[in-house]
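J.: Give me a 3D structure for the following:
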Amino acid sequence: MLRRAVVTTALFGSLVLGAGTAAAAPQTSITPVPVVTGFQIAPGAVPGGLFQTIPMKTTVGAEPGVVTISAANVAAWDPQYPYRFLTVHWRNLATGATGSEGLRHWELSGYERPPYDPAIPNGNVPLELTGEGLPTEVVAKTGAGPVAIVVTHSREYWGPPRVDTLIPGIGVVLVP
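T.: Take a look at the predicted model:
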């Protein structure tokens, strides 16, 4: 009888204090459709071939109403990557909230970039206007609910960025 009272008190006490509840662990998944870039040739050879496939990774549950999006395999730096970047577009299907942010799918090289010089036309652009100025992951405050994600690939070289996506990366995640 005394044992039953002690066990009941311990269980009830832990539930009242919250020790009996566990937070959900973050869940990571790969979007079912990867980004497929358009024909990649000039100005030089691009790692990954003429058509690059970039799988995307999403993580939910680390924070309520937030999804973290990044390339599943962040590529090693190459001289052609600073001209290329991804754009993540998202829409919460329950609330209608939307957003989009730029994303780098490759590592920085560690080399020292020359300072921006406005006297050089169409070259040596400011860091924040190239792929080098972008993060490798996007933390989107989407709110709870089903969130559709579409990822496009863009390229900039001697001109404004242009989308060169053959197939956009697509996925839907349920954000707690």
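J.: what are the ranges of the strands in the chain?
T.: Per DSSP state E, the chain carries strands over the ranges 27-30, 35-37, 53-54, 56-60, 66-71, 84-92, 98-103, 137-141, 145-155, 162-163, 165-167, 169-175.
J.: The fourth one to strand 98-103, inter-axis angle?
T.: The directions of strand 56-60 and strand 98-103 differ by 120 degrees, with axes from the mean of the first three to the mean of the last three C-alpha atoms, to 10 degrees as the criterion.
J.: Turn the strands of the chain into JSON lines, columns for mean pLDDT and mean neighbour count.
T.: (Each C-beta comes from the backbone N, C-alpha and C, glycine too.) Formatted as JSON lines, these follow (pLDDT from 0 to 100; neighbours: other C-beta atoms under 10 Å):
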{"stretch": "strand 27-30", "mean pLDDT": "95", "mean neighbour count": "13"}
{"stretch": "strand 35-37", "mean pLDDT": "92", "mean neighbour count": "21"}
{"stretch": "strand 53-54", "mean pLDDT": "92", "mean neighbour count": "18"}
{"stretch": "strand 56-60", "mean pLDDT": "97", "mean neighbour count": "21"}
{"stretch": "strand 66-71", "mean pLDDT": "96", "mean neighbour count": "21"}
{"stretch": "strand 84-92", "mean pLDDT": "94", "mean neighbour count": "22"}
{"stretch": "strand 98-103", "mean pLDDT": "94", "mean neighbour count": "16"}
{"stretch": "strand 137-141", "mean pLDDT": "96", "mean neighbour count": "18"}
{"stretch": "strand 145-155", "mean pLDDT": "95", "mean neighbour count": "20"}
{"stretch": "strand 162-163", "mean pLDDT": "87", "mean neighbour count": "11"}
{"stretch": "strand 165-167", "mean pLDDT": "93", "mean neighbour count": "16"}
{"stretch": "strand 169-175", "mean pLDDT": "96", "mean neighbour count": "19"}
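J.: Surely residue 32 touches residue 171?
T.: Yes. Using C-beta atoms under 8 Å, residue 32 is in contact with residue 171, at 5.8 Å.
J.: circling back to that earlier point, so which of the strands of the chain is nearest residue 131?
T.: strand 84-92 (3.8 Å; C-beta to C-beta).
J.: how close does the nearest residue to residue 57 once chain neighbours are set aside sit to residue 66?
T.: Distance criterion C-beta to C-beta, 6 or more residues apart in numbering; nearest residue to residue 57, sequence neighbours excluded, is residue 72 at 4.3 Å. Distance of residue 72 to residue 66, given as C-beta to C-beta, to the nearest Å: 19 Å.
J.: Then residue 150?
T.: From residue 150 over to residue 66 (counting by C-beta to C-beta), the distance is 18 Å.
J.: likewise residue 79?
T.: Counting by C-beta to C-beta, the gap from residue 79 to residue 66 is 34 Å.
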